[in-house]
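**Q** could you work out the structure for the sequence below:
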Amino acid sequence: MEDTDSLIAFYRARRAELGPSDGSRWYLLIKEIRLLKGCGIDEAHAIALTDPAWRRWLEQQINSNPACHKAALRHIRRNGDASLIAQQDERLAVL
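**A** This is a model prediction of the structure:
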């Protein structure tokens, strides 16, 4: 338990050190949620996206950052109807 608590504290502190546009903050958040909730990556993504600020940030990233856009399209293909993202014309939207 102590190792888990110290990892969670590390992820939070590291996220606070990074700038708001640093994509590493998303990965640290997902790692923190997985430890806190004991869940898989897909559930952690769903939990993170309940926060409106993270939803807006992710939607902006998947529509402006080519690597994020590619990962989002991969997510849609892999998850089909269960996807957290949908393609709406030329844009991608977080559901």
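**Q** how close does I62 sit to D22?
**A** In this view, I62 and D22 are 16 Å apart by C-beta to C-beta, to the nearest Å. Just so you know, the C-beta spots here come from the backbone N, C-alpha and C atoms, and that holds for glycine as well.
**Q** ok, these two, which is more surrounded?
**A** I62 (21 against 12; other C-beta atoms under 10 Å).
**Q** kindly list the longest helix within the chain.
**A** helix 2-17 (DSSP state H).
**Q** residues of it that come out buried?
**A** For helix 2-17, the neighbour count (16 or more other C-beta atoms under 10 Å) marks Y11, R15 as buried.
**Q** does anything pack onto it? Which helices or strands?
**A** Using 3 or more C-beta pairs under 8 Å, 6 or more residues apart in numbering; DSSP states H and E as the contact test, the elements touching helix 2-17 are helix 24-37.
**Q** avg pLDDT for the helix or strand encompassing A53?
**A** Assigned by DSSP states H and E, A53 falls within helix 52-64. Averaged over helix 52-64, pLDDT sits at 95.
**Q** what of stretch 72-90?
**A** For stretch 72-90, mean pLDDT is 94.
**Q** again with stretch 21-32
**A** On average, stretch 21-32 scores 93.
**Q** just the C-alpha atoms of that stretch, please, in CSV.
**A** Extracted in CSV, the C-alpha atoms of stretch 21-32 (Å, rounded to 0.1, in the frame of the first residue of the first chain):
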residue,chain,number,x,y,z
SER,A,21,0.0,21.8,-22.6
ASP,A,22,2.4,19.0,-21.8
GLY,A,23,0.8,15.7,-23.0
SER,A,24,2.6,13.8,-20.3
ARG,A,25,0.1,15.1,-17.8
TRP,A,26,-2.6,12.9,-19.4
TYR,A,27,-0.4,9.7,-19.1
LEU,A,28,0.4,10.5,-15.5
LEU,A,29,-3.3,11.1,-14.7
ILE,A,30,-4.2,7.7,-16.3
LYS,A,31,-1.5,6.0,-14.3
GLU,A,32,-2.8,7.6,-11.1
